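A.B. asks: Need coordinates for the below:
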Amino acid sequence: MIKEVKKILKKSMQLIASIFGRHKWPFLKGQLLIIGYHRILPLNDPEYKKMQPGMRVEPDTLEMHIQILKKYFEIIDLNEWVERVKAGKPVPKKACALTFDDGWADNYEYAFPVLKKENVPATIFLVSSMIGTAQKFWPERVTDILIQLKSKKYSIIGKEYLKWLTDLGLTEKKISNLDENMIDGFINQLKMLPDDKIYKILETLNENKNIELEVTENEPAHILNLLQIKEMMRSGLVSFASHTQQHLRLTMVESEKGLEHEIVQSKAVLESMLENKITGFCYPNGDFDDRSLSFVTATYDYACTTKKGWNSTKSNLSLLNRVLVHNDISNTPSAFESRVSNLL
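C.D. replies: Numbering: from 1, shown residues only. Take a look at the predicted model:
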């Protein structure tokens, strides 16, 4: 009964926000809404259920989003909006920019056709060292391990790693009842640890022959390759920007040299690979501090955070707000409009 009441209240609040939200205000000037996506996957894709719920949007949902955004905004390339602001030129009263983090191959397979169909621009933030490789981000590697643990015996891993899992509350009993919400919660717990510690544990596990960490020959690539990137560039609809070299959380990078490698060198690598100027940046996990902000401001024209909100011509271009969406919170028009309204 309580759950049903909560659902009714939530839908009512969404409806109110979708009707009276900021996206419908007629008197706004110089406003920019940036929508943030990660993976675009259909429900029947094998990767769909392996991904954290907060990372995925279905292609039909993306198309619905764009059609709604067209009613209230001028959808603009983020680079163009920034260039206009820096040059003191007029910008739309209400503009919207679409962004995709990490450079997933499904952005080409499933998002790009929607962008072409709706004829709207977007920006994809690339992790330079992963382009055209069979690498996976650590959350996907951890997910693979957990799925294997559920299907095999819990004892296939070493004692050190077993203790590490247990300390984080992931017992053998929980593994046997593993679902996507448990995986999501475990990955969020892991984010409390430094990246280098997580990768060190994964490297240790790599020596365990009972666990398959590497991509198999028949497994499709998860990250965009250079041919896909250049095809999207030629369309005139998709621009690209930096998301660091290795997707390290910048607040956990201790040395200045490390920050320079992630922030500055990623720009140089991308410009060489793409033969195109790179002017934008996105903070991995939305994490930044004074040190990383200083490097970013000196290197790029703009940078996106994960802080929810809209932007104006007076916003700090190195700390642009975004509204991140995923399928569970945006799969109906009222739910999506309430999300972008800045009221919920």
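A.B. asks: Look up how far residue 247 lies from residue 303.
C.D. replies: Using CB to CB, to the nearest Å, residue 303 is found at 15 Å from residue 247. Heads up, the C-betas are built off the backbone N, CA and C, glycines and all.
A.B. asks: contacting residues for residue 250?
C.D. replies: 244, 259, 262, 263, 283, 284, 287, 288, 289, 291, 292 (CB atoms under 8 Å, 6 or more residues apart in numbering).
A.B. asks: can you rerun that using 7 Å?
C.D. replies: By CB atoms under 7 Å, 6 or more residues apart in numbering, the contact list for residue 250 reads 259, 262, 283, 284, 287, 288, 292.
A.B. asks: Can you tell me which of these is nearest residue 343?
C.D. replies: residue 283 (25.2 Å; CB to CB).
A.B. asks: Nearest spatial neighbour of that closest one, chain-adjacent residues omitted?
C.D. replies: Nearest non-adjacent residue to residue 283, counting by CB to CB, 6 or more residues apart in numbering: residue 305, 5.7 Å away.
A.B. asks: ok, the one you found - how many residues close by?
C.D. replies: Applying other CB atoms under 10 Å, we find 19 residues neighbouring residue 305.
A.B. asks: Tell me where the stretch 1-150 of the chain has strands.
C.D. replies: In the stretch 1-150 of the chain, the strands defined using DSSP state E, counting those that start in this stretch lie at 31-37, 39-40, 56-57, 74-75, 94-102, 122-126.
A.B. asks: mean confidence for the second one?
C.D. replies: On average, the pLDDT along strand 39-40 is 98.
A.B. asks: distance between that strand and the chain's centre?
C.D. replies: Taking CA atoms, centre = their mean, to the nearest Å, the mean C-alpha location of strand 39-40 is offset from the chain mean by 9 Å.
A.B. asks: partners of that strand in the sheet?
C.D. replies: strand 56-57 (parallel) (DSSP bridges).
A.B. asks: how far does the partner strand sit from the chain's center?
C.D. replies: On CA atoms, centre = their mean, the centre of strand 56-57 falls 10 Å from the chain's centre.
A.B. asks: before we move on, what about stretch 318-331?
C.D. replies: Remark: stretch 318-331 is offset 9 Å from the chain centroid, using CA atoms, centre = their mean.
A.B. asks: Please report phi then psi for residue 244.
C.D. replies: Phi and psi for residue 244, reported as degrees, to the nearest 10, are phi 80, psi 180.
A.B. asks: Break the chain down into its structural domains.
C.D. replies: 2-132+223-340, 138-205 (automatic domain parsing).
A.B. asks: Would you list the phi and psi of residue 240?
C.D. replies: According to degrees, to the nearest 10, residue 240 has phi -130, psi 150.
A.B. asks: Could you report the neighbour count for it?
C.D. replies: For residue 240, the neighbour count with other CB under 10 Å is 25.
A.B. asks: phi, psi of residue 238?
C.D. replies: phi -120, psi 130.
A.B. asks: Return the residues in contact with it.
C.D. replies: Taking CB under 7 Å, 6+ apart, one finds 112, 115, 122, 124, 232 in contact with residue 238.
A.B. asks: do residue 342 as well
C.D. replies: By CB under 7 Å, 6+ apart, the contact set of residue 342 is 21, 22, 309, 310.
A.B. asks: what about the third one, helix or strand, and which?
C.D. replies: Read that as residue 309. In the assignment (DSSP states H and E), residue 309 maps to no helix and no strand.
A.B. asks: what sits against it?
C.D. replies: For residue 309, the contact set (CB under 7 Å, 6+ apart) comprises 321, 342.
A.B. asks: quick one: it and residue 320, what's the gap?
C.D. replies: Distance of residue 309 to residue 320, computed by CB to CB: 9 Å.
A.B. asks: again with the last one
C.D. replies: Residue 310 sits at a distance of 10 Å from residue 320 (criterion: CB to CB).
A.B. asks: Identify whichever of the strands of the stretch 1-150 of the chain lies nearest to residue 188.
C.D. replies: Comparing the strands of the stretch 1-150 of the chain by CB to CB, strand 56-57 comes nearest, at 15.7 Å.
A.B. asks: Can you mark which positions in the helix or strand hosting residue 272 are buried?
C.D. replies: According to DSSP H and E, residue 272 maps onto helix 265-274. Within helix 265-274, the residues that count as buried by 16 or more other CB atoms under 10 Å are 265, 266, 267, 269, 270, 273, 274.
A.B. asks: Give me the packing partners of it, helices and strands only.
C.D. replies: When contacts are defined as 3 or more CB pairs under 7 Å, 6 or more residues apart in numbering; DSSP states H and E, helix 265-274 sits against helix 226-234, strand 238-242.
A.B. asks: List the contacts of the very next helix or strand once past that helix.
C.D. replies: For helix 265-274, the following helix or strand on the C-terminal side (DSSP H and E) is strand 280-282. The contact list for strand 280-282 (CB under 7 Å, 6+ apart) reads 78-79, 101, 123, 125, 241-243, 296, 300-304.
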